[in-house]
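A.B. asks: Sequence first, then the predicted structure:
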Amino acid sequence: QVQLVESGGGLVQAGGSLRLSCAASGRTFSDYCMAWFRQAPGNEREFVALISGSADIKYYSEAVEGRFTISRDNAKNSEYLQMSSLKQEDTAIYYCAAAWGDCYTNIGKYDNWGQGTQVTVSS
């Protein structure tokens with residue numbers, strides 16, 4: 001198991017930027033595929049982006065492609081989500097997640113979760 005703690009959420013105007021961070025502890029961080037999911041009020045939790053253990057694979061949802069950038073620093077046991085050109089529909093709680101080994105967009109494949117960080121985009 002790996003323990004995950006997100007930070008960096010907040011209130012931002014539409015068109016602005018935010019950078020989320022996820023600090024991991026426990027098992028070998030580079031063994032895990034890392035991902036970001038988000039959940040807006042009344043909606044199911046949805047996939048946002050993922051990055052493989054060696055950072056050679058990155059994948060984004062269509063909703064954020066071209067606006068968000070996922071990255072990781074294995075030396076710091078950390079994952080990041082740089083969010084730009086934010087829209088009101090990006091408002092949600094953002095969760096960091098980890099899956100040992102291969103990467104998936106399927107939420108059920110992730111068994112390590114952070115507590116979430118709120119991102120609110122105002123008009």
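C.D. replies: Here it is on my side, so go on.

A.B. asks: Name the residues linked to Ser25 by a beta bridge.
C.D. replies: Partner residues in beta bridges with Ser25: Gln3, with DSSP bridges as the criterion.

A.B. asks: Make sure it is actually in contact with Val2.
C.D. replies: Yes - taking C-beta atoms under 8 Å as the definition, Ser25 is a contact partner of Val2 at 6.9 Å. No exception for glycine: its C-beta is placed from N, CA and C like everyone else's.

A.B. asks: Name the residue in the two with the higher neighbour count.
C.D. replies: Neighbours around Ser25 and Val2, counted as other C-beta atoms under 10 Å, are more numerous at Val2. The numbers are 18 against 11.

A.B. asks: Name all residues that make contact with the more buried one.
C.D. replies: When contacts are counted by C-beta atoms under 8 Å, 6 or more residues apart in numbering, Val2 is found next to Ala24, Ser25, Gly26, Arg27, Phe29, Tyr32, Ala98, Asn112.

A.B. asks: How much space separates the third one from Arg72?
C.D. replies: Taking C-beta to C-beta, to the nearest Å as the measure, Gly26 falls 15 Å from Arg72.

A.B. asks: Thanks again, I'm all set now.
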